[in-house]
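**Student:** Make a model of this:
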Amino acid sequence: MLLLASRVTVERPLVQGRSSFIISGSRTYLDAVNWEIQKVRGSYYIQGYSFGIYLQVRSDLREFLCR
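**Tutor:** Below is the predicted model:
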């Protein structure tokens, strides 16, 4: 089975050397493949795809906790 997917990830510092973030997202395109099959064969169209978003923030909390 053919499965098309896309993914993007961005990682950047918030404060150089102290904190950063990562955001990532992905999506599959199973619905686009099924749509093409339905057009060619005239068969039943099954809608289906998945997506996800992930966010992570990292920080050095020692300067806040050790005051």
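
**Student:** could you say what helices and strands the strand or helix carrying I53 packs with?
**Tutor:** I53 belongs to strand 51-59 when assigned by DSSP states H and E. If contacts are counted by 3 or more Cβ pairs under 8 Å, 6 or more residues apart in numbering; DSSP states H and E, strand 51-59 sits against strand 19-28. Using the backbone N, CA and C atoms, a C-beta is placed for each residue, glycine as well.

**Student:** if we can go back for a sec, let me know the angle separating the strand holding I53 from strand 19-28.
**Tutor:** Relative orientation of strand 51-59 versus strand 19-28 (axes from the mean of the first three to the mean of the last three Cα atoms, to 10 degrees): 170 degrees.

**Student:** got the CA coordinates for strand 51-59 in PDB?
**Tutor:** What follows is strand 51-59, C-alpha atoms only, in PDB (Å, rounded to 0.1, in the frame of the first residue of the first chain):
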ATOM      1  CA  PHE A  51      -1.900  14.300  11.700                       C
ATOM      2  CA  GLY A  52       0.000  15.200  14.800                       C
ATOM      3  CA  ILE A  53       1.700  18.200  16.500                       C
ATOM      4  CA  TYR A  54       4.500  18.000  19.000                       C
ATOM      5  CA  LEU A  55       5.800  20.900  21.100                       C
ATOM      6  CA  GLN A  56       8.700  20.700  23.600                       C
ATOM      7  CA  VAL A  57      10.200  23.600  25.500                       C
ATOM      8  CA  ARG A  58      13.500  23.200  27.500                       C
ATOM      9  CA  SER A  59      14.900  25.600  30.000                       C
END
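
**Student:** That'll do, ta.
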